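Colleague: My questions are about this predicted structure, shown below with the sequence.
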Amino acid sequence: MSDVVIVAENLEKKYETKVPVGLFRRKRKIVHALRGVSLSVEEGEIFGLLGPNGAGKTTLIKILTTLLIPDAGKAIVLGFDVVKYPDEVKRRIGVMLMGERALYWKLTGRENLEFFGSLYRVPSKILKDRINQIVDFLKINEFIDRLVETYSSGQKVLLAFAKALINDAPLIFLDEPTVALDPRRALDIRQKILSLKSEGKTIFLTTHIMQEAEELCDRVAIIDNGKIVAIGTPEELKSTLKGRSAIEVDISSKNMEDLANKIANIDGVHKVAWKVVSSERGHITRLRALCDSPRQILPQVVEVILENDAKIYYIKPEEPTLEDVFLYYTGKLLQ
């Protein structure tokens with residue numbers, strides 16, 4: 001039986017913010033970022049956290065990596081309480097946070113890795129070899145000796161990933177590790193994550209890409225409005241749909257809310273959500289309808305769309321995916 005490397009119990013976190021009221025006034029607002037979050041992560045697994053913006057993903061990962069103190073509850077990482085023993089936790093984990101600023105732009109990528117390796121007190125001879133191994137592993141030789149200020153956004157993401165590996169930690173936190181990467185690089189990074197798992201590393205991963213979660217994660221937790229609404233393997237989560245799956249359609253419509261409501265009223269349709277996406281045709285709306293029998297309901301969906309003078313670019317019934325699970329539990333699509 002695998003050891004448990006992360007335990008979170010009833011974590012709570014609130015923020016106070018100010019929101020505009022009229023032109024010059026602001027009022028206080030309390031934001032509940034986490035509401036009693038509990039989960040555990042086993043040694044050697046890739047654990048995925050899915051949720052829309054503002055759901056609590058970043059707050060949770062910051063608590064687990066000692067960057068935030070919870071208001072209530074507790075978190076144990078690799079046997080250490082993150083509040084009582086933050087230094088013990090920090091030295092045993094690797095962390096890559098999305099939008100991370102902890103890179104020195106006036107240094108080269110290699111100098112950044114040397115600096116962060118020295119903070120972990122990695123002996124200089126071991127550090128030099130480890131940096132070379134990481135550079136080869138991530139295939140970043142072409143820009144590692146350039147100043148970071150000359151990097152593209154994707155190159156900075158790769159350097160942040162390299163930084164997370166510098167102390168050879170048994171537990172690695174990766175927050176949206178493929179954001180800003182082109183499809184080829186993103187595929188390469190997913191393969192690297194699987195390679196790290198094969199070496200015995202435990203990976204805690206956040207992503208908004210459903211296919212990425214299905215390909216990589218042993219288990220997935222869905223978080224929404226600060227609460228864990230579902231947790232399990234991808235197959236276990238899909239089984240909770242009880243045979244339901246979705247119709248996905250790309251359309252343009254002058255009144256999406258009215259159209260979505262009409263589709264939701266078709267017998268056998270359970271949840272409908274949509275989002276604006278970019279495509280070769282420009283910005284279009286992608287609608288997803290969770291149904292009992294998508295192939296039987298498809299003609300009715302097409303009829304409703306055409307009756308409302310909407311233009312269909314693409315439509316088809318889908319096999320059950322994590323996107324459907326997310327829609328089922330949250331009523332939303334990941335943006």
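Modeller: Sure, I can see it. Numbers count the residues shown, from 1 in each chain.
Colleague: Break down the stretch 51-200 of the chain into its helices, ranges please.
Modeller: Along the stretch 51-200 of the chain, counting by DSSP state H, counting those that start in this stretch, helices occupy 57-64, 86-90, 109-119, 124-138, 153-164, 183-198.
Colleague: per-residue confidence for the residue lying closest to residue 3 once chain neighbours are set aside?
Modeller: Nearest in space to residue 3, with sequence neighbours left out and distances taken as CB to CB, 6 or more residues apart in numbering, is residue 43 at 4.5 Å. From N, CA and C alone the C-beta is placed, and that goes for glycine too. pLDDT for residue 43: 97.
Colleague: Check residue 180 too.
Modeller: So, for residue 180, pLDDT stands at 84.
Colleague: Return the distance of the residue lying closest to it once chain neighbours are set aside relative to residue 143.
Modeller: Computed as CB to CB, 6+ apart, the closest residue to residue 180 that is not its neighbour in sequence is residue 153, at 4.3 Å. Between residue 153 and residue 143 the computed distance is 13 Å (CB to CB, to the nearest Å).
Colleague: Which one of these two is surrounded by more residues?
Modeller: Taking neighbours as other CB atoms under 10 Å, residue 153 and residue 143 compare with residue 143 leading, 19 against 9.
Colleague: distance of that one from residue 95?
Modeller: Here residue 143 is placed at a distance of 22 Å from residue 95 (CB to CB).
Colleague: next one: residue 249
Modeller: 39 Å.
Colleague: Over to residue 43?
Modeller: 18 Å.
Colleague: Of these two, give the one with the bigger neighbour count.
Modeller: The neighbour comparison of residue 43 against residue 95 (other CB under 10 Å) goes to residue 95, with 24 against 16.
Colleague: who's the more buried one bridged to?
Modeller: residue 173 (DSSP bridges).
Colleague: got any residues that touch both of residue 153 and residue 143?
Modeller: Residues touching both residue 153 and residue 143 by CB atoms under 8 Å, 6 or more residues apart in numbering: none at all.
Colleague: What ranges does the chain have for its strands?
Modeller: Applying DSSP state E to the chain gives strands spanning 4-21, 25-42, 46-50, 72-77, 80-81, 93-96, 171-175, 202-206, 219-224, 227-232, 245-252, 269-279, 282-291, 311-317.
Colleague: Reformat those strands as TSV; add distance to residue 196.
Modeller: As requested, the strands of the chain are arranged in TSV below (distance: least, CB to CB, whole Å):
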stretch	distance to residue 196
strand 4-21	14
strand 25-42	15
strand 46-50	9
strand 72-77	18
strand 80-81	22
strand 93-96	10
strand 171-175	7
strand 202-206	6
strand 219-224	17
strand 227-232	22
strand 245-252	32
strand 269-279	31
strand 282-291	32
strand 311-317	35
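Colleague: of those strands, which approaches residue 117 most closely?
Modeller: Proximity to residue 117, assessed across the strands of the chain by CB to CB, is greatest for strand 93-96 (11.6 Å).
Colleague: Which strands and helices lie in contact with that closest one?
Modeller: Here strand 93-96 touches helix 153-164, strand 171-175, going by 3 or more CB pairs under 8 Å, 6 or more residues apart in numbering; DSSP states H and E.
Colleague: what sits up against that strand?
Modeller: 65, 77-78, 160-161, 163-167, 169, 171-175, 177.
Colleague: same thing but 7 Å
Modeller: 65, 77, 160-161, 163-165, 167, 169, 171-175, 177 (CB atoms under 7 Å, 6 or more residues apart in numbering).
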